[in-house]
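[1] The following comprises the amino acid sequence and a computationally predicted model.
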Amino acid sequence: MRSRVRGHGAEPFDISPEDFRGRLRPFRGEIKGILTRGEFVAGIGNAYADEILWAARLHPYRKRTQLTPG
């Protein structure tokens, strides 16, 4: 695991799908806003968040609470 800056989340490739889901639980709001928060996962900016959500076929303004496991 790479070193982390205090207050920032793990690097995107250093977490498992289970860890990702666990990190996602405490956050509320739109999924794009959550992805771009440094304390969730480090290094995901607007462009990367758009690409991630496009590949996942998720609307960027969909609420986290509307997501279902899949």
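    Received it, and whenever you're ready, just let me know what you need.
[2] for the longest helix seen in the chain, which positions count as buried?
    Longest helix in the chain, counting residues (DSSP state H): helix 46-56. Buried residues in helix 46-56, counted by 16 or more other CB atoms under 10 Å: A49, I52, L53. The C-beta positions use only the backbone N, C-alpha and C, and glycine is treated the same way.
[3] Could you list the residues in contact with that helix?
    I31, K32, L35, T36, I44, H59, P60 (CB atoms under 8 Å, 6 or more residues apart in numbering).
[4] What's the PyMOL line that selects buried ones from those residues?
    Paste this into PyMOL to select the buried members of those, with burial taken from 16+ other CB under 10 Å:
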select buried, resi 31+32+35+36+44+60
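[5] if we can go back for a sec, now the buried residues of helix 46-56 in TSV, with pLDDT and distance to P12?
    Output for the buried residues of helix 46-56, formatted as TSV (pLDDT from 0 to 100; distance: CB to CB, whole Å):
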residue	pLDDT	distance to P12
A49	95	11
I52	94	9
L53	96	14
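[6] With respect to S16, which of those is nearest?
    I52 (16.1 Å; CB to CB).
[7] I'd say A42 and D14 touch.
    No: applying CB atoms under 8 Å, one finds A42 not in contact with D14, separated by 9.1 Å.
[8] So for the two, which sits in the more crowded spot?
    More crowded of A42 and D14, by other CB atoms under 10 Å: A42, with 17 against 13.
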